[in-house]
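Asker: Just need the structure, nothing else, for what follows:
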Amino acid sequence: MSTHTRRDRGHPADGNGPFAARVDQDVSRCEVRVVVIGAGQAGLSAAYHLGRFGLRPFEDLVVLDRNARPGGAWQHRWDTLTMHDVHGIANLPGVAVPGADDTARANLAIPEYFTDYETRMALPVLRPVGVTAVRDLDGTRLAVDTDAGTWSTSAVVNATGTWDRPFIPWYPGADLFQGRQLHTADYRGPAGFAGQHVVVVGGGHSAVQLLAELSTYATTTWVTRRPPLWRTGEEFGPEQGRAAVALVAERVKAGLPPQSVVSVTGLHLREQERAAAARGVYEREPMFAALTPDGVRWADGRTVRADAILWATGFRPDVAHLAPLHLREHSGGIRLDGTRAVRDPRVHLVGYGPSASTIGANRAGRAAAREIRDLLLAPVTG
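Answerer: Numbering: from 1, shown residues only. I've put the predicted structure just below:
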């Protein structure tokens with residue numbers, strides 16, 4: 001087991017974090033009671049609440065994060081995504097999101113918030129540590145294998161999200177296309193597409209947002225499998241939102257692969273996208289049948305030339321490291337009871353399925369902490 005050190009965090013700003021009194025623990029231990037995998041919104045929320053229940057940093061609890069810096073997936077988003085464009089950031093438990101200028105880059109402002117939160121709450125995060133597998137040791141404890149060694153633990157909170165599992169569907173001719181193909185995970189901004197024609201594939205909010213941005217630099221064609229379902233704010237309120245999340249939760253409870261909430265909620269145009277709508281940017285084409293060397297072709301023979309294809313086709317849960325535990329159902333998903341994996345209640349998934357939103361991730365982190373407290377039975381004392 002490699003010996004790890006954390007950078008000097010200093011002391012919490014307000015001294016009220018769950019780990020505030022114990023920030024100088026030795027972190028070379030390889031046996032803990034709980035391992036949290038991932039330090040995004042869900043992982044930080046789970047770690048906070050586990051600390052509130054008495055788990056000691058680095059002795060009882062460790063958070064393993066593959067990124068070199070705090071910020072979760074937010075640090076990897078494109079440079080032109082501003083705080084005005086973000087659909088909403090939920091407060092991490094105990095610390096409100098600070099006010100930010102609408103023009104501030106989201107991939108800087110939100111990681112700054114996460115950095116401050118980790119420091120203020122003295123959360124036991126080790127990075128960069130990449131988890132390669134989680135496996136059973138003896139029917140009681142789990143082994144968490146990483147590129148820095150192996151931890152032994154009684155419970156795992158998996159908070160790895162989806163960012164590292166971009167999904168690009170295969171279509172005939174994909175290997176023949178001579179232009180540029182990229183996923184939204186690889187997108188950095190519209191300037192590099194100036195004067196080009198871009199085919200944007202996907203029916204979610206990211207596609208709508210990127211079409212508005214790209215269309216000020218390039219010409220675009222929007223392609224989706226289904227006609228978009230447009231809604232206004234009046235048509236879709238909190239009650240409808242809860243119902244949509246409940247439908248996704250039912251899929252997860254049944255062991256089916258998670259489904260995007262957007263597939264249930266539909267799409268709406270924000271103020272900054274209405275100008276694009278007026279330009280006809282959101283005139284949608286059905287899914288093409290194949291890629292050609294210089295564009296795409298539909299089944300009826302129509303073609304469109306393209307310099308680039310941007311796949312805004314979503315992500316899949318990043319859970320391959322859990323494969324040794326055989327958690328998947330025959331239907332392809334991981335069935336959950338609350339946050340617990342039905343096939344192994346030592347494993348809790350947060351930021352998965354209905355808890356993939358920032359608000360849902362916070363709630364799931366708290367719920368997982370409660371369930372793990374019950375799993376461990378006896379409370380931990382400092």
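Asker: by contact count, what packs against the helix or strand containing V208?
Answerer: Secondary structure assignment for V208, by DSSP states H and E: helix 205-214. Counting contacts by 3 or more C-beta pairs under 8 Å, 6 or more residues apart in numbering; DSSP states H and E, helix 205-214 packs against strand 197-201, strand 219-224, helix 271-278. Yep, even glycine has a C-beta here, placed from its N, CA and C like the rest.
Asker: Distance to C30 and mean neighbour count added to the ones you listed, as a markdown table?
Answerer: Output for those, formatted as a markdown table (distance: least, C-beta to C-beta, whole Å; neighbours: other C-beta atoms under 10 Å):
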| stretch | distance to C30 | mean neighbour count |
| --- | --- | --- |
| strand 197-201 | 45 | 22 |
| strand 219-224 | 48 | 20 |
| helix 271-278 | 49 | 14 |
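Asker: so can I have a markdown table of the ones you listed showing distance to L44 and mean pLDDT?
Answerer: Below are these laid out as a markdown table (distance: least, C-beta to C-beta, whole Å; pLDDT from 0 to 100):
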| stretch | distance to L44 | mean pLDDT |
| --- | --- | --- |
| strand 197-201 | 32 | 98 |
| strand 219-224 | 34 | 98 |
| helix 271-278 | 29 | 88 |
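Asker: For P169, find the nearest of the ones you listed.
Answerer: strand 197-201 (8.3 Å; C-beta to C-beta).
Asker: Just want the angle from that closest one to helix 205-214.
Answerer: For strand 197-201 against helix 205-214, the angle by axes from the mean of the first three to the mean of the last three C-alpha atoms, to 10 degrees is 170 degrees.
Asker: Please work out the average pLDDT along the helix holding V208.
Answerer: Helix 205-214 carries an average pLDDT of 94.
Asker: follow-up on the earlier one: quick one, which of the helices and strands packed on helix 205-214 is nearest to P324?
Answerer: The closest of the helices and strands packed on helix 205-214 to P324 is strand 197-201. By C-beta to C-beta, the value is 34.1 Å.
Asker: packing partners for that closest one?
Answerer: If contacts are counted by 3+ C-beta pairs under 8 Å, 6+ apart, strand 197-201 sits against helix 205-214, strand 219-224, strand 303-305, strand 308-311.
Asker: Tell me how far that strand lies from the chain's centre.
Answerer: 24 Å (C-alpha atoms, centre = their mean, to the nearest Å).
Asker: Poorly predicted segments of the stretch 51-200 of the chain, please.
Answerer: 87-88 (pLDDT under 70).
Asker: show me what contacts A159?
Answerer: 36-40, 42-43, 46, 350-351, 361, 365 (C-beta atoms under 8 Å, 6 or more residues apart in numbering).
Asker: circling back to that earlier point, same list (the helices and strands packed on strand 197-201) but as a markdown table, adding distance to I372.
Answerer: Below are the helices and strands packed on strand 197-201 laid out as a markdown table (distance: least, C-beta to C-beta, whole Å):
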| stretch | distance to I372 |
| --- | --- |
| helix 205-214 | 33 |
| strand 219-224 | 40 |
| strand 303-305 | 52 |
| strand 308-311 | 37 |
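Asker: Looking at the ones you listed, spot the one closest to W170.
Answerer: strand 308-311 (10.9 Å).
Asker: Give me the sheet partners of the closest one and which way each runs.
Answerer: Paired neighbours of strand 308-311 in the sheet (DSSP bridges): strand 180-183 (parallel), strand 197-201 (parallel).
Asker: follow-up on the earlier one: which entries within the contacts of A159 meet the buried criterion?
Answerer: Neighbour counting by 16 or more other C-beta atoms under 10 Å classes 36-40, 42-43, 46, 350-351, 361, 365 among the contacts of A159 as buried.
Asker: Check the burial of E213 by counting its neighbours.
Answerer: 20 (other C-beta atoms under 10 Å).
Asker: Can you verify my assumption that it contacts G192?
Answerer: No - counting by C-beta atoms under 8 Å, E213 does not reach G192; the two are 11.9 Å apart.
Asker: coming back round to it: closest to D85 out of the helices and strands packed on strand 197-201?
Answerer: Nearest of the helices and strands packed on strand 197-201 (C-beta to C-beta): helix 205-214, 6.4 Å.
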